[in-house]
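[1] got a predicted structure plus its sequence, pasted below:
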Amino acid sequence: QVQLVESGGGLVQAGGSLRLSCAASERTLSTYAMGWFRQAPGKEREFVAAIGRSGGSTYYADSVKGRFTIFRDNVKNTVYLQMNSLKPEDTAVYYCAGTRTLRNYFAVRPDEYDYWGQGTQVTVSS
């Protein structure tokens, strides 16, 4: 069972950038489709971005499209989320997630993912 560990969160001013990392415990990350989700206090966990196994295909929530980029390095067994032009409404705990289930569409619901990291806090000040 793969273990996922996020890092890279922190406090940043509006307009700034952060890069989140999600490191996998095993060398088979290439067999997982991966996603990033976030959860703000009092809100449900929401989809942010997803990436296919090879990294050649990506999908984004409308709220982050054009500002966030998901990419992966299967040699380093790591998935990244580059976040630019951050806004206060991006403040949340960010989670990476993985699934081995084969689908012909991007998984955007939390229940479509089998493995989760512990989360990393991102706070954007105005």
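    Yes, it's here. Numbering: from 1, shown residues only.

[2] so residue 124 makes contact with residue 85?
    No - counting by Cβ atoms under 8 Å, residue 124 stays clear of residue 85, with 10.1 Å between them. (Each C-beta comes from the backbone N, C-alpha and C, glycine too.)

[3] which one of the two is surrounded by more residues?
    residue 124 (20 against 13; other Cβ atoms under 10 Å).

[4] for that one, list each beta-bridge partner.
    Assessed by DSSP bridges, residue 124 has beta-bridge partners residue 12.

[5] and it, what is it in contact with?
    11, 12, 13, 14, 16, 86, 87, 88, 89, 90, 91 (Cβ atoms under 8 Å, 6 or more residues apart in numbering).

[6] before we move on, what about residue 122?
    Counting by Cβ under 8 Å, 6+ apart, residue 122 touches 9-10, 12, 18, 20, 38, 83, 86, 90-94.

[7] how does it look with 6 Å?
    Residues near residue 122 by Cβ atoms under 6 Å, 6 or more residues apart in numbering: 9, 94.

[8] check which helix or strand covers it.
    Using DSSP states H and E, residue 122 maps to strand 120-125.

[9] could you export that strand as CSV, CA atoms only?
    Extracted in CSV, the C-alpha atoms of strand 120-125 (Å, rounded to 0.1, in the frame of the first residue of the first chain):
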residue,chain,number,x,y,z
THR,A,120,-0.3,20.4,4.0
GLN,A,121,-1.6,23.8,5.0
VAL,A,122,-1.6,26.7,2.6
THR,A,123,-2.5,30.1,3.9
VAL,A,124,-2.7,33.1,1.6
SER,A,125,-2.9,36.5,3.2
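
[10] now name the helix or strand holding the nearest residue to residue 49 once chain neighbours are set aside.
    Nearest-residue entry for residue 49: residue 70, 4.0 Å, with adjacent residues in sequence omitted and distances by Cβ to Cβ, 6 or more residues apart in numbering. Here residue 70 sits within strand 68-73, counting by DSSP H and E.

[11] which stretches of this structure form strands?
    Along the chain, counting by DSSP state E, strands occupy 4-7, 10-13, 18-24, 33-39, 46-51, 58-60, 68-73, 78-83, 92-99, 115-116, 120-125.
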